[in-house]
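[1] got a predicted structure plus its sequence, pasted below:
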Amino acid sequence: MSTAPAPGTQPSGQMPPPLSRPKHEVTPLYGEEFAADPYAVYERLRKYGAVAPVEIAPGVGAMLVIDYRAALDLLHDPATWSKDSSIWLDSVPEDSAVMPMLRGRPNALFTDGETHARYRKVISDSFARLEPHTIRQMVREVADSLIASFAQDGEADLVGQFARVLPLLVFNRAFGLPDESSELLIQGIAGMFDSKTPEDAAAADAAYTRYITELTQLKQRERGQDLTSWLIDHPAQLSAEEVVHQIVVMLGASYEPLSNLIGNALSRMLVDDRYYGNLSGGALTARDALHDVLRNEPPMANYSAHYPRRDVYFHGVWMRAGQLVLVSYAAASTQSGRAAPGESTGAAGSGGGAHLAWAAGPHACPVQQPALLIATTAIERLTAWLSDIELSVPYGQLDWRPGPFQRGLVSLPARFSPVSPDTAGGTPWKRNSSGPSA
């Protein structure tokens with residue numbers, strides 16, 4: 001909740017306006033140090049209280065909410081906090097690498113009130129038309145195809161060859177395009193999160209825009225049983241521009257969290273004795289691993305960009321209207337403790353086991369169940385065929401992708417007993433070595 005200072009207390013000082021550099025220390029949320037151990041950074045930031053000054057790109061500052069209660073107060077208070085970034089954008093270079101993630105668009109992520117509710121309903125209604133059995137079948141087919149490409153090798157990068165590719169192939173199908181169209185999507189959307197220079201960000205944004213433009217133009221001419229067609233034909237009667245921007249948020253807000261969720265869950269499963277050596281027959285399931293990640297290693301660590309509608313005193317800090325404020329799902333969810341990979345989670349984390357990986361309030365993720373279904377099916381399919389997977393390197397040597405928003409691995413090298421399909425891309429599969437057929 002945003003409140004005035006309590007009687008007898010002194011505000012910590014007026015925040016500088018968005019166009020000026022803060023006079024106090026700021027902590028960068030980018031670079032190798034932060035990527036290697038963000039939780040140590042969050043602990044250092046707690047000296048500031050519920051909200052801490054950070055830098056999300058060179059010269060681009062923000063305030064980061066790291067307290068669980070403060071995060072809930074912000075996320076449930078649309079009267080004080082807006083998603084409109086227009087004032088803040090005036091203070092940021094147009095070519096900043098974070099712009100693709102924060103530039104306002106007419107979609108459910110960057111709007112408020114009735115406009116947001118209208119967009120959100122279109123998204124929710126469209127995903128609701130995707131039957132669970134249809135989702136499951138798409139994931140099984142895509143997973144089998146990907147696994148077939150490396151299963152005979154006995155080793156693979158489970159991030160680069162599986163976790164980061166599968167969601168895009170599934171979404172490409174769900175939006176109504178053939179598999180061969182997915183390469184442009186991969187180039188665009190993956191680049192938006194990993195851009196290190198303004199040039200990288202611009203190239204990724206251009207590829208992403210081209211993919212969505214070609215998709216919507218095709219579906220305007222020829223409808224199908226797919227998300228794009230349902231968006232176009234929804235009773236809300238979105239304009240062509242609005243359709244494009246709903247697809248932008250549906251893909252962007254689904255892909256990065258989902259691919260990291262799958263990769264992070266697999267990494268924890270491979271170092272956890274409770275799954276035993278046989279991932280298809282352990283005491284814990286793929287769904288257990290996913291909930292472990294959501295609570296202890298959220299795939300989107302920091303996001304939910306909000307801006308005060310007016311100067312506000314919030315949990316001990318003055319902030320100016322238009323100031324960029326991000327919510328750290330990772331810091332807030334692990335405020336009361338964090339289970340490291342291989343440790344029992346129990347009720348660790350804030351709120352007796354509650355977490356903020358899906359955000360909260362009116363802008364909470366509207367498609368949590370489809371996302372969990374995709375991730376669960378993908379992991380179950382992988383571990384059913386390759387049940388003796390193990391890491392090729394110690395967990396502590398895994399590299400994490402730098403960046404202020406996501407928490408995802410660069411790669412996940414693993415080894416397993418080689419398995420080959422009877423025919424290319426076919427099933428059932430059989431092991432090259434002795435053992436029962438899958």
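    Thanks, I have it. Numbering: from 1, shown residues only.

[2] run through the helices of the stretch 201-350 of the chain in chain order.
    227-233, 240-269, 286-296, 329-333, 350-353 (DSSP state H, counting those that start in this stretch).

[3] most packed of those helices?
    helix 329-333 (a mean of 27; mean count of other Cβ atoms under 10 Å). Glycine gets a C-beta too; all of them are placed from N, C-alpha and C.

[4] per-residue confidence at Asn278?
    If you check Asn278, the pLDDT there is 53.

[5] my bad, Ser12
    45.

[6] can you redo the helices of the stretch 201-350 of the chain as a markdown table with mean pLDDT and distance to Arg69?
    Below are the helices of the stretch 201-350 of the chain laid out as a markdown table (pLDDT from 0 to 100; distance: least, Cβ to Cβ, whole Å):
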| stretch | mean pLDDT | distance to Arg69 |
| --- | --- | --- |
| helix 227-233 | 97 | 36 |
| helix 240-269 | 92 | 23 |
| helix 286-296 | 94 | 17 |
| helix 329-333 | 97 | 8 |
| helix 350-353 | 44 | 8 |
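
[7] and Ile389, which of these is closest to it?
    Of all the helices of the stretch 201-350 of the chain, helix 240-269 sits nearest to Ile389, with 8.0 Å by Cβ to Cβ.

[8] just the helices in the stretch 1-150 of the chain please.
    Using DSSP H, counting those that start in this stretch, the helices of the stretch 1-150 of the chain run over residues 32-36, 38-45, 68-75, 86-89, 99-102, 113-128, 132-148.

[9] for the first one, buried residues please.
    For helix 32-36, the neighbour count (16 or more other Cβ atoms under 10 Å) marks 34-35 as buried.

[10] who touches that helix?
    Applying Cβ atoms under 8 Å, 6 or more residues apart in numbering, the contact partners of helix 32-36 are 28, 41, 399-404.

[11] make a markdown table from the helices of the stretch 1-150 of the chain and add distance to Gln246 and mean pLDDT to it.
    Shown next, in a markdown table, are the helices of the stretch 1-150 of the chain (distance: least, Cβ to Cβ, whole Å; pLDDT from 0 to 100):
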| stretch | distance to Gln246 | mean pLDDT |
| --- | --- | --- |
| helix 32-36 | 31 | 93 |
| helix 38-45 | 31 | 96 |
| helix 68-75 | 21 | 98 |
| helix 86-89 | 20 | 89 |
| helix 99-102 | 17 | 86 |
| helix 113-128 | 6 | 97 |
| helix 132-148 | 19 | 96 |
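
[12] TSV please, covering those helices and showing distance to Phe171.
    Listed next are the helices of the stretch 1-150 of the chain as TSV, based on distance: least, Cβ to Cβ, whole Å:
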stretch	distance to Phe171
helix 32-36	26
helix 38-45	27
helix 68-75	26
helix 86-89	28
helix 99-102	18
helix 113-128	11
helix 132-148	9
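
[13] mind checking which of those is nearest Ala289?
    Here helix 132-148 is closest among these (Cβ to Cβ), at 16.0 Å.

[14] packing partners for the helix or strand just after the closest one?
    Downstream of helix 132-148, the next assigned helix or strand under DSSP states H and E is strand 155-157. For strand 155-157, the contact count by 3 or more Cβ pairs under 8 Å, 6 or more residues apart in numbering; DSSP states H and E identifies strand 413-415 as packing neighbours.
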